[in-house]
Each structure stands twice: as C-alpha cells, then as structure tokens.
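Q: Got a predicted model here, sequence first, then my questions.
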Amino acid sequence: MPRVKIPRKSTAIDMTAMCDVAFLLLTFFILTAKPKVEDPVPVDTPRSATEVTLPESGVALITVGKGKTFLTLDGPEMRKQTLLQIGSKYNIGFTPNEVKQFQNLDAIGVPVQSLKQFLALDGEQRKAFLASKNGGIPTDSVSNEMFNWIREARVVEKNISGKELRFSIKGDSNEEYPTMERLIAILQKQKVNKFSLITSLRAK
Amino acid sequence: MAELDTSGGGGKKGGKVRSKKQSTRVDLTAMVDLAFLLVTFFMLTTTLNKPKAMDLAMPDKDDQNTQEPIAASRTMTVLLGSNNKLEWFIGEPGKSAPEVIGYGKNDLRKVLTEQKQKVLQTTGKSLFVIVKPSDKSVYKNVVDVLDELHITDNMAFAIVAITPPEVDLLKRDNIY
C-alpha cells in the first residue's frame, strides 16, 4: 500500500501586512520624536510630586546651574527677532550669517559683548566657552543683561503671538539660593510674578 | 497582496508559447527586520515623560495696599538653613521655641499636617506659611518645601527674604 504523502507547505509567510504595520509605527515615532535639547550646564532637577506637564509652546526656559543662567527661546523667528532687538539696544550689528547661526543655538548664554565672538566658534569650542567662567548671561545689577533678554523676548512674543510669554525655570538641585533669588528678582521687576519650576517626578 | 497573477493565462492549449514570467513576489523579511529595528530605536530614544512643572506665584511687589494683615497665631515661619535642615516656629520669632527638622516625610510633612489642624481648631482659619530661604540653602530645599505644602494642601504661603535676627537663629542652631 503506498503511503499517503502529505504535501509540504511552503514556509514563506506573507510579510506585507507586518511590513505595513512596522512602517506605520516607524512613521509615528519619527514624527512625534522631539530632538533632545542638551543643557548648557549639567542640571539635576529637584524632585516633586506635581504632575502638571509644561505646555509645549509659548514658554521660555531659564536654565540655572553652577551659578550661571541661560535662556532658551522657542522657534527660529522668535530667536531672530530677539537678537535683532538686543542688537539695536546694545548697538551691535549682526551679519545675516551670524543671525542664522544664532537661530540654531539651543541656549543663549554669553555676555552680549562676547556674542559675536561666540557665534564664530564651532560646536566643541562653544561648549567649552559655555563651561568657562565667561559662560552664562550676566544677572548682576550693573549690566543686567538677563533683564534685557527677558524683556525683549517678552516684547517679541507679544508681537508674534499676541500672548504673554511664560517662563519656566530649570534649576539644579544644589544651586545656591542667592542665584535663584537674583533671577526671581529680575522677573519680578518686570511684573512677571508667576512662573513654573521644572521638576522631575517623585512618588509621594 | 503584493503579487500579480503570473499564471500566464494557463489552460489555452495550442496557444503561443510564452516565456514564463518571473514571480513578482518580493521577500519582505529583510525590510520588516529593518523597520522593526528602527521602530525600536525611535521608541527607546523618545522621551515619553515630559517635564513636570510646578507653578509658583510670587506676591506683587508694588501693591502694598491689598495685603491683609494675618494674625501671628496662624502664621508658621519656616527658615531654610544649610545641610538640608530647616527651622520652624509659630507666630512671632522669639515667642515660641524654634525647632530644627529635616525635609522628609516624617519631619516637615508631619509638622505641616499637625499645625494645619491645630490652627484650624484654635482659630477656625487656615494656616499661613512663610518660607524664608537663607543664603546657605539650596534650590532643592525651596522646591521640597513647596512640594510638601502642595501635598499637605496648605496653599496659603509666601516666599519672603530672610531677616538678620532670623539668620542669627539659624547660626545659633548651627545650620547656617
């Protein structure tokens, strides 16, 4: 009696559907991914139990660490306008190339007088500059450059979107309080009495 | 799905001899592999937890008139010193003995909860907390105090500059 042979099925599986799903997910993740912005100084945010998330837009970030303060503005147009305003205030002209460089900056963190010099540097040198003692926007009451940056940024935001610019402060856990006090005083001088403190989540 | 009919219209006997068409089926395995690799990469590099923000409203410096006086019996003053220690007292300085505690769950939170109830029972009003960070305290301390205030639901508070007599108190207790 001849044995009944079971025909072998091919092991090839139709991958089309799987491929579709994979690329769908891929597209989703690429579109939602936000490039991580590197902090100009290492900042370890204090922990708290608040669960309110920061709004996506209309917020300027002030980073504080190692006694230095940095300002991060959202969007190239905002940065450009603010730079031009600051330039006219301090009588510094910027070339189109410098403006372009500035638009790509993550954080503003040098004295206005060194800004031109800073923009001429390349990536690694910039990092070194920010970490050196010249890094950070001066907050002392003599030059008070931070005050002017914040003020001009607020004016620009008002012109662009018609809304008040909100401020969030990202401070290092071990930052001494006087640095924060100076910063808060600068904000309060402009009647910005409400701001957000960025914290990382902690269980209660 | 991704294949075309390549049977060449079989069944016609005596028709033209057609060269056999190659199958259009593509092996997608490698492509799926690559796609999942990229998906994994993007999933792992995206930050899913967005930064949390704690709102802080400071009193307006210019309007002095709208501030109401608050009875000393229901104010609690918290002086922030060095080494993650703080000192607290009720009412005016010097009248009640200040106590040195830490920021943890069993220290500050316990005190805040106790005092809140005590003040509510004696005066029928809520506790008002004055936070005074000294120059030796760090930013984390301020955030910790604010956080405990949120947790214990003491929303009436103010951050005020510290005065020299209060600094002396901190010095006396070796936390300045």
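A: Arrived safely.
Q: Report the beta-bridge partner residues of the spatially most central residue of chain A.
A: In chain A, the residue lying closest to the centroid (CA atoms, centre = their mean) is A:T72, at 4.7 Å. Listed by DSSP bridges, the beta-bridge partners for A:T72 are A:L61.
Q: OK, contacts around it?
A: A:V37, A:A60, A:L61, A:I62, A:T63, A:D106, A:A107, A:I108 (CB atoms under 8 Å, 6 or more residues apart in numbering or on different chains). Just so you know, the C-beta spots here come from the backbone N, C-alpha and C atoms, and that holds for glycine as well.
Q: Show me the strands in chain B, by range?
A: B:52-57, B:75-80, B:86-90, B:99-101, B:128-133, B:157-159 (DSSP state E).
Q: quick one, which of those strands is nearest to B:T29?
A: strand B:52-57 (42.6 Å; CB to CB).
Q: List the buried residues for that closest one?
A: Neighbour-count burial for strand B:52-57 flags B:K52, B:A53, B:M54, B:L56 (criterion: 16 or more other CB atoms under 10 Å in any protein chain shown).
Q: With distance to B:K105 as extra columns, can I get those residues in a markdown table?
A: Below are these laid out as a markdown table (distance: CB to CB, whole Å):
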| residue | distance to B:K105 |
| --- | --- |
| B:K52 | 19 |
| B:A53 | 23 |
| B:M54 | 18 |
| B:L56 | 22 |
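Q: Closest to chain A out of those?
A: B:A53 (3.7 Å; CB to the nearest CB).
Q: what does stretch A:184-194 contact?
A: Contacts with stretch A:184-194, where a contact means CB under 8 Å, 6+ apart, come from A:139, A:144, A:146-147, A:150-151, A:154, A:167, A:195, B:55-62.
Q: at 10 Å what do you get?
A: For stretch A:184-194, contacts defined as CB atoms under 10 Å, 6 or more residues apart in numbering or on different chains pick out A:62, A:69, A:139, A:141, A:144, A:146-151, A:154, A:164-167, A:169, A:177, A:195, B:55-62, B:159, B:161.
Q: Mind giving me the PyMOL command for buried ones among those?
A: In PyMOL syntax, the buried subset of these is picked out as below (16+ other CB under 10 Å):
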select buried, (chain A and resi 62+69+139+144+146+147+148+149+150+151+154+165+166+167+169+177+195) or (chain B and resi 56+58+159)
